[in-house]
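Asks: Following is a predicted model, sequence given first.
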Amino acid sequence: MLIRVEIPVDAAGIDNLLRKAFGRDDEADLVQRLREDGLLTLGVVATDDEGGVVGYAAFTPVDVQGEDRQWVGLGPLAVEESLRRQGLGEKLVYEGLDSLNEFGYAAVVVLGAPEYYGRFGFKPAAQFNLHCRWPDSAEAFQLYVLANNALEGANGLVEYPPHFNHN
């Protein structure tokens with residue numbers, strides 16, 4: 001098992017994994033549109049011994065109150081069904097956080113299960129007076145701070161690229 005940053009040859013495998021993992025086309029189509037428009041800040045893949053993509057985490061730019069503060073959103077995150085609950089998703093998230101930290105990004109937001117993302121150190125974004133556009137998402141919308149000054153003057157609406165509005 002190899003965990004690394006995605007390269008162009010991974011695109012078809014990522015697409016296939018997302019369609020299978022979610023049982024629909026929405027997430028795969030989203031990642032495809034983001035990639036085409038240059039809005040994938042980072043993609044992390046897990047590949048098996050044959051080079052097949054068995055896990056994926058996407059990170060895309062987000063704005064805070066309309067301002068680019070070097071924040072990114074995590075998602076979608078997917079692991080092949082037969083490999084779930086073995087820590088692979090965790091490895092993908094940690095690899096992404098490490099890489100983003102090295103690249104100088106300030107913070108990561110995610111819309112997901114608090115009990116899952118909480119163990120990585122994500123905290124409810126509402127604690128920091130931050131929210132996203134989706135109703136009833138306060139509990140699921142979480143924040144991970146990478147840079148010490150990430151929260152200075154940061155509050156209000158965290159906006160994902162418009163591509164996410166199609167889902």
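Replies: Alright, I've got the coordinates. Numbers count the residues shown, from 1 in each chain.

Asks: Can you name the residues that contact the residue nearest the centre of the chain?
Replies: For the chain, the residue nearest the mean C-alpha position is L74 (1.5 Å; CA atoms, centre = their mean). Contacts for L74 (CB atoms under 8 Å, 6 or more residues apart in numbering) come out as A57, A58, F59, V93, G96, V108, V109, V110, G112. For the C-beta atoms, the positions are set from N, CA and C on the backbone; glycine is no exception.

Asks: Tell me, how many residues neighbour the second one?
Replies: Residues near A58, counting by other CB atoms under 10 Å, number 27.

Asks: Could you grab the helix/strand/coil label for it?
Replies: The three-state assignment at A58 reads strand, by DSSP: H, G, I helix; E, B strand; the rest coil.

Asks: My guess is it contacts L39. True?
Replies: No - assessed by CB atoms under 8 Å, A58 is found out of contact with L39, at 9.7 Å.

Asks: Going along the chain, name the strands of the protein.
Replies: 2-5, 42-47, 53-64, 67-79, 107-111, 123-124, 130-131, 141-145, 156-159 (DSSP state E).

Asks: Of all the ones you listed, which one comes closest to R35?
Replies: strand 42-47 (8.0 Å; CB to CB).

Asks: if you skip the residues just before and after it, what's nearest to R4?
Replies: Of all residues not flanking R4 in the chain, V45 sits nearest, at 6.4 Å (CB to CB, 6 or more residues apart in numbering).

Asks: Next, count neighbours for L100.
Replies: For L100, the count of nearby residues is 23 (other CB under 10 Å).

Asks: now it: how far from V109?
Replies: The gap separating L100 from V109 is 12 Å, by CB to CB, to the nearest Å.

Asks: ditto for F141
Replies: Computed as CB to CB, the F141 to V109 distance reads 7 Å.

Asks: and for these two, which residues touch both?
Replies: Contacts common to F141 and V109, judged by CB under 8 Å, 6+ apart, are A125, L130, C132, V158.

Asks: which among those residues gets closest to M1?
Replies: Proximity to M1 was ranked across the shared contacts of F141 and V109 by CB to CB; first place goes to A125, at 31.7 Å.

Asks: Got the confidence number for that closest one?
Replies: On pLDDT, A125 comes in at 96.

Asks: Now do it against N155, distance only.
Replies: A125 is 10 Å from N155, where distance means CB to CB.

Asks: the more surrounded of the two?
Replies: Ranked by neighbour count (other CB under 10 Å), A125 and N155 place A125 first, with 24 against 13.

Asks: And for L143, nearest residue in space, chain neighbours not counted?
Replies: Using CB to CB, 6+ apart, the nearest residue to L143 is A125, at 4.4 Å.
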